[in-house]
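A.B. asks: what follows is a predicted structure for the sequence shown.
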Amino acid sequence: TRLHFFMHDMVNLQNPANATTALVAGPKNNLATLASLGSVMVIDDKLTEGPSPDSPLVGRAQGFYMSDSTSISSLGLFITFTAVLNNGTISLHGQDNVLDREREIAVIGGTGAFRSAAGYAIISTNKMIPPLSVILDVQVFL
């Protein structure tokens, strides 16, 4: 089974009401914070059919990511999220080196139509929205 959707990670440290991501650990209101070792962000991102924010909604990505690198050159994030879809959920977990063109993370389970799912997902950056928001292209192979 192959699933394809776009994840809209909207970061707005100055106006959190317009964000789908919240900084819960690390120095507050500092754009450099997200790349600092130990920063933790909680997400509730839209998943859509296409890259446009107005594209039909297919679900939500709910979970967290944290900076797990001391080097700004790698910008490593450890990400765990559940794709909450109409007919079940898929849990994804792994290392997201955001400077790489494509990143692979593991599918570690699921519920409903995706019960006991196993496989992998390929994540690539579709669009950067300065200063920190991003639209990710996510392809899931089960």
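C.D. replies: The structure has been received and is ready for your questions. Numbering: from 1, shown residues only.
A.B. asks: alpha carbons only for contacts and neighbour counts from here, please
C.D. replies: OK.
A.B. asks: which stretches of the protein form strands?
C.D. replies: With DSSP state E as the definition, the chain shows strands at residue ranges 2-9, 21-25, 40-48, 57-67, 76-85, 88-97, 102-112, 119-129, 133-141.
A.B. asks: which of those strands sits closest to Asn15?
C.D. replies: Proximity to Asn15 (Cα to Cα) singles out strand 21-25 among the strands of the chain, at 10.4 Å.
A.B. asks: re the thing from before, could the strands of the chain go into a markdown table alongside mean pLDDT, mean neighbour count and distance to Asn15?
C.D. replies: Below are the strands of the chain laid out as a markdown table (pLDDT from 0 to 100; neighbours: other Cα atoms under 10 Å; distance: least, Cα to Cα, whole Å):
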| stretch | mean pLDDT | mean neighbour count | distance to Asn15 |
| --- | --- | --- | --- |
| strand 2-9 | 96 | 20 | 14 |
| strand 21-25 | 84 | 18 | 10 |
| strand 40-48 | 92 | 22 | 15 |
| strand 57-67 | 92 | 21 | 19 |
| strand 76-85 | 85 | 21 | 23 |
| strand 88-97 | 92 | 21 | 26 |
| strand 102-112 | 95 | 18 | 29 |
| strand 119-129 | 95 | 17 | 15 |
| strand 133-141 | 95 | 19 | 13 |
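A.B. asks: contacting residues for Ser116?
C.D. replies: Ile108, Gly109, Gly110 (Cα atoms under 8 Å, 6 or more residues apart in numbering).
A.B. asks: how far away is the closest residue to the last one other than its chain neighbours from Ile123?
C.D. replies: Read that as Gly110. Among residues not flanking Gly110 along the chain, Ile90 sits closest, at 4.3 Å (Cα to Cα, 6 or more residues apart in numbering). For Ile90, the distance to Ile123 equals 15 Å [Cα to Cα, to the nearest Å].
A.B. asks: Val11 now?
C.D. replies: 18 Å.
A.B. asks: could you do Ser67 as well?
C.D. replies: Distance from Ser67 to Ile123, by Cα to Cα: 17 Å.
A.B. asks: before we move on, what about Asn15?
C.D. replies: For Asn15, the distance to Ile123 - Cα to Cα - is 27 Å.
A.B. asks: ditto for Phe81
C.D. replies: Per Cα to Cα, Phe81 is found 13 Å from Ile123.
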